[in-house]
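How does the following fold in three dimensions:
(one chain, ligands or ions: 1)
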Amino acid sequence: MDFEPDRGLDAFRQEVRDFLHQHLPPELAGKHRSSIRSALPDLVRWQRILDSRGWGAPYWPEEHGGTGWSVLQRLAFDEECVAAGAPTLDGFAHKLLGPVLNHFASAQQKAEHLPGIFQASRLWCQGFSEPGSGSDLASLRTRAERDGDHYVVNGQKIWTSYAHEADWIFLLVRTDPSARKQAGISFLLVDMKSPGISVRPIHSIDGCHHLNETFFDNVRVPVANRIGEEGAGWSITKFLLNNEHATAADLPVLRRYLMQLQRMARELRVGTQALGQELGFALQVARFEAEVEAIAMLVKRVAAMEQAGDHSPAAHALGSVLKVRGTELQQRISEFMVQALGEYGAIAYATPEALDPAAEPLPEESLAQGIAMEMLFRRASTLYGGTSEVQRGILAKLLFQL
Ligand SMILES: Cc1cc2nc3c(=O)[nH]c(=O)nc-3n(C[C@H](O)[C@H](O)[C@H](O)COP(=O)(O)OP(=O)(O)OC[C@H]3O[C@@H](n4cnc5c(N)ncnc54)[C@H](O)[C@@H]3O)c2cc1C
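Next up, the predicted model:
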């Protein structure tokens, strides 16, 4: 790993900043300051702006129509977008399904599904988890039985983020119940408008609706919508889940929290002095800054390994370290921000939509908006993408292989 300043990366970062300055519509930038996915019209509009610049697939190699950016450039792009408050992208399409399509899909499947990602005209959700099959994903029971040139799918998925907004779902199903549990799984792409699919909302502790239960009742799916061979679903899933380790800590979000804390230090007051003058607050912020920098160094190391095509147990283990350290730090900082709001904490519990947009906000109010929702949302960060306990288990096993 190289600790020297990277002038090329600095220039790239400046290019992204300039682009954001010129092309991110101010009304969109002002809206998105949390980790919750942006409203659909904003997401679609922003995706199309990026596409018109040739950045419609920022994380993919050039041969698949992507930017061809290095891992560090992709991270810098994410950091700048989050710092500028740009709308989110469809992460399921860009970071999970996209690499799978690029790697495993037939030419026909690529032609059908890739353009919709560049234009955000086809939004995706992920149908993996089931009641009783989360960490132990290979035990999943949703069945797909062959009937001529179709599969007939029956079963239930749960925690399906944004299923209520998605056009399509990528789905793990059991095609061979007699095979060893990993071997009997296949990977299907399913149109959410197919007869027999129903979606029921789950409202989460942050007061938002992003989660769902998704039911499949005799849903007919063309065999042509299967990615890879029948029974290859598990190896495709391992590829999908092992695709990006350097992003596991969500460093752009941690950096945004530090910016929010700096703003709180300047704008909130304790009696007559700024909150930043208060020793306990200042010390804690300094500790958080040190922890975020430590994570940033590890991110750089993992990115260098990924860039070099290193898929060794060490790279995998460091990915798990980043997931655990990054998400646990997100939880601690977001909790601290709510505490630091003091008497304004009550305002913080209102979602931005619940506040009267016509009212002139006090500085403290505008600061406070969404902070508690963010803190509550982050309770889930040590669950999704592999729980902290499971990551620690992976680490323990990998340590024996190092
Ligand atoms: C906000 C959010 C969004 C999500 N979005 C999606 C989505 O879009 N699509 C999708 O398919 N899934 C999604 N998930 C599901 C997520 O992948 C699962 O919640 C996760 O895999 C854990 O599974 P589980 O909830 O069934 O918990 P379980 O696996 O039942 O775990 C329960 C508890 O037991 C512990 N545990 C389990 N196994 C072990 C072990 N081997 N060793 C030690 N401890 C263990 C866990 O750490 C946890 O504390 C989402 C989850 C959340 C919270």
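
Would you mind listing what in the stretch 151-300 of the chain touches the ligand?
Residues of the stretch 151-300 of the chain lying close to the ligand (Cβ under 6 Å from any ligand atom) are 159, 160, 161, 211. C-beta here means a position set from N, CA and C on the backbone, and glycine is covered the same way.

Go ahead and list the helix or strand containing the closest residue to residue 128 other than its chain neighbours.
Leaving aside its chain neighbours, residue 128 sits nearest to residue 172 (5.3 Å; criterion: Cβ to Cβ, 6 or more residues apart in numbering). Here residue 172 sits within strand 168-174, counting by DSSP states H and E.

quick one, phi psi at the nearest residue to residue 270 once chain neighbours are set aside?
Nearest non-adjacent residue to residue 270, counting by Cβ to Cβ, 6+ apart: residue 278, 5.3 Å away. Here is the backbone geometry of residue 278 (degrees, to the nearest 10): phi -80, psi 120.

doesn't residue 271 make contact with residue 278?
No: using Cβ atoms under 8 Å, residue 278 is not in contact with residue 271; the gap is 9.4 Å.

When these two are compared, which one has more neighbours?
Comparing residue 278 with residue 271 by other Cβ atoms under 10 Å, the one with more neighbours is residue 278, at 17 against 6.

State the pLDDT value of the more buried one.
Per-residue confidence at residue 278 stands at 94 (pLDDT).

picking that back up, go through the residues of the stretch 151-300 of the chain next to the ligand and name the one nearest residue 400.
residue 159 (31.2 Å; Cβ to Cβ).

tell me, how many neighbours does that closest one end up with?
Neighbourhood size, residue 159 [other Cβ under 10 Å]: 22.

so who does it touch?
Residue 159 makes contact with 129, 134, 202, 211, 212, 384 under the criterion Cβ atoms under 8 Å, 6 or more residues apart in numbering.

Now the buried members of those.
129, 134, 211, 212 (16 or more other Cβ atoms under 10 Å).

Setting the sequence-adjacent residues aside, check what's closest to the second one.
When you say that, I think you mean residue 134. Leaving aside its chain neighbours, residue 134 sits nearest to residue 159 (7.6 Å; criterion: Cβ to Cβ, 6+ apart).

cool, the third one as well?
Leaving aside its chain neighbours, residue 211 sits nearest to residue 202 (4.1 Å; criterion: Cβ to Cβ, 6+ apart).

if I pick that neighbour, what's in contact with it?
158, 159, 209, 211, 212, 213.

re earlier: so how far is residue 165 from the residue nearest to residue 134?
15 Å (Cβ to Cβ, to the nearest Å).

Show me the buried ones among the contacts of residue 159 that map onto strands.
Within the buried ones among the contacts of residue 159, residues falling in strands by DSSP state E are 211, 212.

circling back: list phi and psi for the residue nearest to residue 211.
Torsion angles at residue 202 (phi, psi; degrees, to the nearest 10) stand at phi -120, psi 120.

Tell me which residue of this protein lies closest to the ligand.
Among all residues of the chain, residue 134 sits closest to the ligand, at 1.9 Å; criterion: Cβ to the nearest ligand atom.

Centre-most residue in the protein?
The C-alpha lying nearest the average C-alpha coordinate of the chain belongs to residue 91 (Cα atoms, centre = their mean; 5.5 Å).

Count the neighbours of residue 259 for me.
Counted with other Cβ under 10 Å, residues neighbouring residue 259 total 12.

quick one: it from residue 266, how far?
Distance from residue 259 to residue 266, by Cβ to Cβ: 11 Å.

Does residue 334 lie in a helix or a strand, and which?
For residue 334, the element it lies in under DSSP H and E is helix 313-340.

re earlier: any idea how far the strand holding residue 172 is from the chain center?
Here strand 168-174 shows a centroid-to-chain-centroid distance of 19 Å under the convention Cα atoms, centre = their mean, to the nearest Å.

Now do residue 328, the pLDDT please.
Value for residue 328, per-residue pLDDT: 97.

Please apply the same query to the one 10 residues further on.
Each residue has a pLDDT score; the one for residue 338 is 90.

so what's it up against?
By Cβ under 8 Å, 6+ apart, the neighbours of residue 338 are 345, 348, 371, 372, 375.

Pull out the buried residues from the helix holding residue 334.
315-331, 333-334, 336-338, 340.

Also stretch 209-226?
Across stretch 209-226, burial judged by 16+ other Cβ under 10 Å covers 210, 211, 212, 213, 214, 215, 216, 219, 221, 225, 226.

Hmm, residue 160 and the second one touching each other?
Yes: using Cβ under 8 Å, residue 211 is in contact with residue 160, at 7.2 Å.

in which helix or strand would I find residue 125?
Using DSSP H and E, residue 125 sits within strand 124-127.

Next SSE downstream of the worst-scoring helix or strand of the chain on mean pLDDT?
Least confident helix or strand of the chain, by mean pLDDT, DSSP states H and E, is helix 363-368 with a mean of 62. Note on helix 363-368: by DSSP H and E, the next helix or strand toward the C-terminus is helix 371-377.

Check the offset of the helix or strand just after that following helix from the chain's centre.
Tracing the chain C-terminally past helix 371-377 and defining elements by DSSP H and E, one meets helix 388-399 next. Distance of helix 388-399 from the chain centroid (Cα atoms, centre = their mean) equals 21 Å.

buried stuff in helix 388-399?
Going by 16+ other Cβ under 10 Å, helix 388-399 has these buried residues: 388, 390, 391, 394, 395, 398.

Check stretch 166-179 too.
Buried positions in stretch 166-179, judged by neighbour count with 16+ other Cβ under 10 Å: 166, 168, 169, 170, 171, 172, 173, 174, 175, 176.

try stretch 144-163
Those would be 144, 150-163, for stretch 144-163 by 16+ other Cβ under 10 Å.

And stretch 189-198, by the same measure?
189, 190, 192, 197.

Let's have these in JSON lines, adding pLDDT and secondary structure.
As requested, the buried residues of stretch 189-198 are exported to JSON lines (pLDDT from 0 to 100; DSSP: H, G, I helix; E, B strand; the rest coil):
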{"residue": "189", "pLDDT": "98", "secondary structure": "strand"}
{"residue": "190", "pLDDT": "98", "secondary structure": "strand"}
{"residue": "192", "pLDDT": "98", "secondary structure": "coil"}
{"residue": "197", "pLDDT": "98", "secondary structure": "strand"}
